[in-house]
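J.: Any chance you could fold what I've pasted below:
(chains A and B, ligands or ions: 2)
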Amino acid sequence: MIISVASGKGGTGKTTVSVNMALALGTGVELLDCDVEEPNAHLFLKPVIERSERVETPVPLVDLTKCTFCRKCSAICRFNALAVVGEKVLVFQELCHSCGGCMLVCPEGAITETGRELGTLNFGARESIGFINGQLRVGEAMSPPLIKQVRAAADPKRLTIIDAPPGTSCPVIAAMNGADFVLMVTEPTPFGLHDLKLAVEAVRLLGIPAGLVVNRADIGDREVFEYAKREHLPILLTIPFDRRIAQAYSRGKNIVEEFPEWRERFVALYHDIEAIITAKGKAVSCAK
Amino acid sequence: MKVAVTSKGTLLDSEVDPRFGRAPYILIVDTDTWAFEVVDNGNNANAFKGAGIQAATMVSDKGATVLMTGYCGPKAFETLEAAGVKVIDDITGKVRDAIKAFKEGKVTYAAAANKEAHW
Ligand code: SF4
Ligand code: SF4
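T.: Residues are numbered from 1 along each chain as shown, chains lettered A, B, ... in the order given. Ligands and ions are numbered 1, 2, ... in the order given. Down below sits the predicted model:
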């Protein structure tokens, strides 16, 4: 089972929710930090990192001694990552989406693969909670390929909890696609609501059932709650603005570690999600 | 010789378009005869990314050895350089004035791109 924890806007408590749910369940869980531009779940889960792996994406390498400058490669590349000018073939690695089209189409077999570094995968655990994160190489503009690699490394036998990147564009889609449930974390503020609406649209397009966690639920206004009602989005958990929680957070402590009553609430959150997935089970697998 | 100028229109009296990859037209002007060819850059102008790379390839294919434009990004610059096309940037005014300035030698060639790469 895969639960993706997302939020339209950054800083709503998405990481808090993912980490606390993982800690509350304790076993049979793997937490994936897919916010590869700014991974921070490890700061709260505090896993022991066991190994790291450099991740590359294939990009073309042209052997000019075989090339006849026919331009079939640049013609097929819809990302303009290849340019054939005079007797030169330029490869703009950072534009390449690794589709392999140029290699297939080259009549001279002049194109082979080399790698562009995307970043690093880190594997670890905290007791029986598995942990994987991705760290995008500084200067790398495309995060979805690395996010896909983080996800591909997940153990399918365990419950996967994904801490998704903020926003509503391609990286978030990469972190939600194929999930069984998307848990959206929001705040009851106008900004929170605006970004939540965008995120909900994206989730609806993917056909994944979703539910809400409202964080700092007692600040702001009632708009988010009204919206959730209209959209039939179940509110599965509300976390009040609580000085004790904020203080624990600022010391890098987690809610479920400091306040045992919250452990049960996060376990209940998981069971509610599980129930929704089971109820919608068949429809979901068709929508995928 | 042939000079390529990015243009908002199809005439010598059209305004120079400051953008390279996304200019609607590129005029390829023969500096000896003032004869020119209009290249519709519209397909490129809508390209998602790498419009400058496409435009650079096209300019070189048309036999131009100099490009006059407003801004040129790093990838387009690299492509033009590989193709042996020199770049004169920061051009404004009419295409005709640009060519006149070129013929009078009142231009400076760019040593590097004058625009950031954009995502
Ligand atoms: S398709 Fe192959 S032979 Fe043709 S230009 Fe590209 S690399 Fe050269
Ligand atoms: S692999 Fe695909 S995206 Fe990359 S250069 Fe080749 S055709 Fe373009």
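J.: What ranges does the chain have for its helices?
T.: This is for chain A. Applying DSSP state H to chain A gives helices spanning A:14-25, A:41-45, A:72-76, A:101-105, A:144-152, A:170-176, A:190-206, A:223-230, A:243-250, A:255-258, A:260-287.
J.: oops, chain B please
T.: Counting by DSSP H, the helices of chain B are B:42-45, B:51-61, B:74-83, B:95-103.
J.: Out of those helices, flag the one nearest residue B:112.
T.: Ranking those by proximity to residue B:112 (C-beta to C-beta) places helix B:74-83 first, at 6.7 Å. Using the backbone N, CA and C atoms, a C-beta is placed for each residue, glycine as well.
J.: Give me the distance between whichever residue of chain B sits closest to chain A and residue B:61.
T.: Relative to chain A, the nearest point of chain B is residue B:50 (2.5 Å; C-beta to the nearest C-beta). Here residue B:50 is placed at a distance of 16 Å from residue B:61 (C-beta to C-beta, to the nearest Å).
J.: If you count surrounding residues, which of these two has more?
T.: residue B:50 (24 against 15; other C-beta atoms under 10 Å in any protein chain shown).
J.: Can you give me the neighbour number for the residue lying closest to the more buried one once chain neighbours are set aside?
T.: Excluding its sequence neighbours, the residue lying closest to residue B:50 (C-beta to C-beta, 6 or more residues apart in numbering or on different chains) is residue A:80, at 2.5 Å. Using other C-beta under 10 Å, residue A:80 has 24 neighbouring residues.
J.: I figured residue A:80 hits residue B:57, correct?
T.: No: taking C-beta atoms under 8 Å as the definition, residue A:80 is not a contact partner of residue B:57, at 9.1 Å.
J.: if I look at those two, which residues touch both of them?
T.: Residues touching both residue A:80 and residue B:57 (C-beta atoms under 8 Å, 6 or more residues apart in numbering or on different chains) are residue A:74.
J.: coming back round to it: please report how far the residue of chain B closest to chain A lies from ligand 1.
T.: 16 Å (C-beta to the nearest ligand atom, to the nearest Å).
J.: quick one: pLDDT of that residue?
T.: Per-residue confidence at residue B:50 stands at 84 (pLDDT).
J.: likewise residue A:190?
T.: pLDDT, residue A:190: 84.
J.: leaving aside the residues next to it on the chain, what's closest to it?
T.: Nearest to residue A:190 is residue A:223, by C-beta to C-beta, 6+ apart, at 7.0 Å.
J.: Next, count neighbours for the residue in the stretch 151-288 of chain A that ligand 2 sits nearest to.
T.: Of all residues in the stretch 151-288 of chain A, the one sitting closest to ligand 2 is residue A:170 (15.2 Å; C-beta to the nearest ligand atom). The number of residues packed near residue A:170 is 13, by other C-beta under 10 Å.
J.: Please apply the same query to the one 5 residues further on.
T.: In terms of burial, residue A:175 registers 28 neighbours under the definition other C-beta under 10 Å.
J.: is it true that it touches residue A:166?
T.: No: when contacts are counted by C-beta under 8 Å, residue A:175 is not listed as touching residue A:166 (10.2 Å).
J.: Point out the most buried one among the helices of chain A.
T.: Highest mean neighbour count of the helices of chain A: helix A:14-25, a mean of 25 (counted as mean count of other C-beta atoms under 10 Å in any protein chain shown).
J.: Which strands or helices does it pack on?
T.: When contacts are defined as 3 or more C-beta pairs under 8 Å, 6 or more residues apart in numbering or on different chains; DSSP states H and E, helix A:14-25 packs onto strand A:2-6, strand A:29-33, helix A:41-45, strand A:159-163, strand A:181-186, strand A:210-215, helix A:255-258, helix A:260-287.
J.: picking up where we left off before, ok, which of the helices of chain B comes nearest ligand 2?
T.: helix B:51-61 (11.4 Å).
J.: Is ligand 2 within reach of that closest one?
T.: No: if you take C-beta under 6 Å from any ligand atom as the test, helix B:51-61 misses ligand 2, and the best it gets is 11.4 Å.
J.: same for that helix, what does it pack against?
T.: strand A:82-85, strand B:25-30, helix B:42-45, helix B:74-83.
J.: So residue B:59 is in contact with residue B:29, correct?
T.: No: using C-beta under 8 Å, residue B:59 makes no contact with residue B:29, being 11.8 Å away.
J.: the more surrounded of these two?
T.: Just comparing residue B:59 and residue B:29: by other C-beta under 10 Å the higher neighbour count belongs to residue B:59, 31 against 25.
J.: quick one: contacts for the residue of chain B closest to chain A?
T.: Residue B:50 touches A:79-81, A:92, A:95, B:21, B:75, counting by C-beta under 8 Å, 6+ apart.
J.: Then residue A:187?
T.: With C-beta under 8 Å, 6+ apart, residue A:187 has these contacts: A:9, A:12-13, A:214-216, A:219-220, A:224.
J.: Beta-bridge partners for the closest residue to residue A:154 other than its chain neighbours, please?
T.: Nearest residue to residue A:154, sequence neighbours excluded (C-beta to C-beta, 6+ apart): residue A:160, at 4.9 Å. In this entry, residue A:160 is beta-bridged to residue A:2, residue A:30, by DSSP bridges.
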